[in-house]
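Q: Task: produce atomic coordinates for the following.
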Amino acid sequence: MKKLPFIFYFFLLIFTANSCSENDEGGSQDTPLEAETRLNVSYGSDPQQVYDLYLPANRTTTDTKVIFLIHGGGWTEGDKNDMNGTVTLLQSLYPEHAIANVNYVLADADHYAFPNQFLDIQTIVNKITSEREELHIKPEFGMIGVSAGAHIAMMYDYQYDVQNQVKFVADIVGPSDFNDPFYDENFDIPTLIQILADPNAYPNGTDFLTELSPVSFVSSASSPTCMFYGTEDPLVPESNGTSLASKLNQFGVENTLRIYQGGHGDNWSFEDVTEMQQIIGDYILNYL
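A: Numbering: from 1, shown residues only. Alright, predicted model coming up:
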């Protein structure tokens, strides 16, 4: 899946309608702190296992929650630096939130994507959680993912977030159901998924199309999810959005689905992008 920085930057550039105020749950008595940026924080032995952490001024362990950004790139490309413009804008719009902009180890001839990329996210969440007192943050997360990053965000929330630390997921053109006929008609999807999945990490005979589809793991414990898809997307069909929304509804999980005229986040109208930013803004304000 190709990288998708433009649409994400664009919706944030016009992201003003819902950013004026946030709920105040009551602060702690911590001594006020200066803003701090920690770049390329290591969370593993691989050079790609790094993230950037942006800590706001006056943060506290009772109020300062984390916006978590996951870049796209088809599980084989992309970098957290693709999201740097987004970080700057989020800092200006949500100065009371911390921001984690993360890398995961990209799939190549020596590295499988699955489940390693999900486990990378788990390691980052666990590391930030273990450092909550030192960082002066409350380890609750709102995950915003683009394309492959949205797939990773959904899989992490629906399958791995057993402590319910993720409070919402924003899914921008993320694959949710590899059993959708679209994939079989347009790609050799079984072969592609098997190349990306570590066979030693799953039981023999695993149906990878099901095992790696977020829709397979939706439950009543899944977080509120907002979803955005295009009618002419050559990579992720709009039916992935409708099937995911149906499954979330089945389990009573709050969700919002929008399907826009256009492709993989491109050629969407200004009005549609404006609506998308308003919806994601509502999720940040209401759930984080």
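Q: C-alpha from now on. contacts and neighbour counts both.
A: OK.
Q: Buried ones in stretch 273-288, by neighbour count?
A: 273-274, 276-285, 287-288 (16 or more other C-alpha atoms under 10 Å).
Q: Quick one: the strands in the protein, in order.
A: 36-42, 50-55, 66-70, 98-102, 141-146, 166-172, 225-230, 255-260 (DSSP state E).
Q: now the fifth one against strand 225-230, angle please.
A: Angle, strand 141-146 to strand 225-230, by axes from the mean of the first three to the mean of the last three C-alpha atoms, to 10 degrees: 10 degrees.
Q: Also the fourth one?
A: With the same axes, to 10 degrees applied, the angle from strand 98-102 to strand 225-230 works out at 50 degrees.
Q: and which of the buried residues of stretch 273-288 is nearest to residue 232?
A: residue 273 (15.7 Å; C-alpha to C-alpha).
Q: Against residue 87, how distant is the closest one?
A: 18 Å (C-alpha to C-alpha, to the nearest Å).
Q: Repeat that for residue 153.
A: For residue 153 relative to residue 87 (C-alpha to C-alpha), the value is 17 Å.
Q: Kindly report the same for residue 211.
A: To residue 87, residue 211 is 32 Å away according to C-alpha to C-alpha.
Q: Give me the more crowded residue out of the two.
A: Neighbours were counted for residue 211 and for residue 87 using other C-alpha atoms under 10 Å; residue 87 has more, 24 against 15.
Q: re earlier: any idea which of the strands of the chain gets closest to residue 109?
A: Nearest to residue 109 among those is strand 50-55; the distance by C-alpha to C-alpha comes to 20.5 Å.
Q: for that closest one, packing partners?
A: strand 36-42, strand 98-102 (3 or more C-alpha pairs under 8 Å, 6 or more residues apart in numbering; DSSP states H and E).
Q: got the contact list for it?
A: 35-44, 80, 97-104, 135 (C-alpha atoms under 8 Å, 6 or more residues apart in numbering).
Q: now what about stretch 239-256, what contacts it?
A: Looking at stretch 239-256 with C-alpha under 8 Å, 6+ apart, the contacting residues turn out to be 175-177, 180, 215, 218-229, 257, 259.
Q: Show me what counts as buried in it.
A: 239, 240, 241, 242, 244, 245, 247, 248, 253, 255, 256.
Q: Including distance to residue 120, could those residues go into a markdown table?
A: Converted to a markdown table, the buried residues of stretch 239-256 look like this (distance: C-alpha to C-alpha, whole Å):
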| residue | distance to residue 120 |
| --- | --- |
| 239 | 28 |
| 240 | 25 |
| 241 | 25 |
| 242 | 28 |
| 244 | 24 |
| 245 | 26 |
| 247 | 26 |
| 248 | 25 |
| 253 | 26 |
| 255 | 26 |
| 256 | 27 |
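Q: to the chain's geometric centre, what's the distance from stretch 247-254?
A: With C-alpha atoms, centre = their mean, to the nearest Å as the basis, stretch 247-254 stands 19 Å off its chain's centre.
Q: shaky segments in the protein?
A: 1-31 (pLDDT under 70).
Q: quick one, helices of it?
A: Assigned by DSSP state H, the helices in the chain fall at 5-13, 84-93, 116-130, 132-135, 148-155, 181-186, 189-196, 208-211, 238-250, 270-287.
Q: And the nearest residue to residue 36 once chain neighbours are set aside, how close does it get to residue 209?
A: In space, and not counting its chain neighbours, residue 36 is closest to residue 55: 5.0 Å by C-alpha to C-alpha, 6 or more residues apart in numbering. Look at residue 55 and residue 209: by C-alpha to C-alpha, they are 38 Å apart.
Q: what do you get for residue 249?
A: 22 Å.
Q: Over to residue 64?
A: The spacing between residue 64 and residue 209, counted by C-alpha to C-alpha, is 38 Å.
Q: Ok, residue 280 next?
A: In terms of C-alpha to C-alpha, residue 280 sits 29 Å off from residue 209.
Q: Just the buried residues of stretch 120-127, please?
A: Result for stretch 120-127 [16+ other C-alpha under 10 Å]: buried residues 120, 121, 124, 125.
Q: ok, which pair from those is furthest apart?
A: 120 and 125 (8.7 Å).
Q: Now list whatever residues contact both of those two.
A: Contacts common to residue 120 and residue 125, judged by C-alpha under 8 Å, 6+ apart, are absent.
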